[in-house]
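# sequence first, then the predicted structure, then my questions.
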Amino acid sequence: MSGSVLHVVAYAVVENQQLLTVRKKNTHKFMFPGGKFQPGENAKAAIQREVREELSCEIAPGTIELLGKYVTTAANEADTELVATVFQGDLIGTPTASNEIVELQWIPIMAEDYVIELAPLITDCILPQLRMS
């Protein structure tokens, strides 16, 4: 890949065998809540901030765990490699589309097809992992 590299954090919320996805303004693919690091932030601080900003929720203490670090194609940036540190855990509160989020969608983990378009991080990395667990 000849383009740039984008380092992000992402948060996977699983409830009742469904996965929470979000769509940001001016995009068409659904992805995880999360985003870029701010200067001086570590991954946990970045994901706590992103979840607060994008979902108007807090991460439930003691539930956050690292799913892994994944390298894939960025969903909405051409010629960009995505390096994502992905956490999984629970939320305190009901997720609400906030800030740059325009739509929330829960998707069944075990579905074969989806009516929405999903980011490669979800389809290529996380869904296969969740289906095996």
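Perfect, I can see it now. For clarity, every value in this text was computed on a predicted model and none was experimentally measured.
# got any ranges where the protein has weak pLDDT?
Applying pLDDT under 70 to the chain flags the ranges 1-2.
# can you map out the helices along it?
Taking DSSP state H as the test, the helices found in the chain are 43-55, 120, 127-132.
# quick one: closest of the ones you listed to residue 104.
helix 43-55 (7.9 Å; CB to CB). All C-beta spots, glycine's among them, are computed from the backbone N, C-alpha and C.
# starting at the chain centroid, how far to that closest one?
Offset of helix 43-55 from its chain centre (CA atoms, centre = their mean, to the nearest Å): 11 Å.
# and that helix, which residues are buried?
Across helix 43-55, burial judged by 16 or more other CB atoms under 10 Å covers 43, 46-52, 54-55.
# extract the CA atoms of that helix and return them as PDB.
Presented in PDB, the C-alpha positions along helix 43-55 are these (Å, rounded to 0.1, in the frame of the first residue of the first chain):
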ATOM      1  CA  ALA A  43      -4.900   3.800  24.000                       C
ATOM      2  CA  LYS A  44      -7.200   3.500  27.100                       C
ATOM      3  CA  ALA A  45      -7.500   7.200  27.600                       C
ATOM      4  CA  ALA A  46      -8.200   7.700  23.800                       C
ATOM      5  CA  ILE A  47     -11.000   5.100  23.700                       C
ATOM      6  CA  GLN A  48     -12.600   6.400  26.900                       C
ATOM      7  CA  ARG A  49     -12.700   9.900  25.400                       C
ATOM      8  CA  GLU A  50     -14.000   8.600  22.000                       C
ATOM      9  CA  VAL A  51     -16.800   6.600  23.600                       C
ATOM     10  CA  ARG A  52     -17.900   9.600  25.700                       C
ATOM     11  CA  GLU A  53     -17.800  11.900  22.700                       C
ATOM     12  CA  GLU A  54     -19.400   9.600  20.100                       C
ATOM     13  CA  LEU A  55     -21.900   7.600  22.200                       C
END
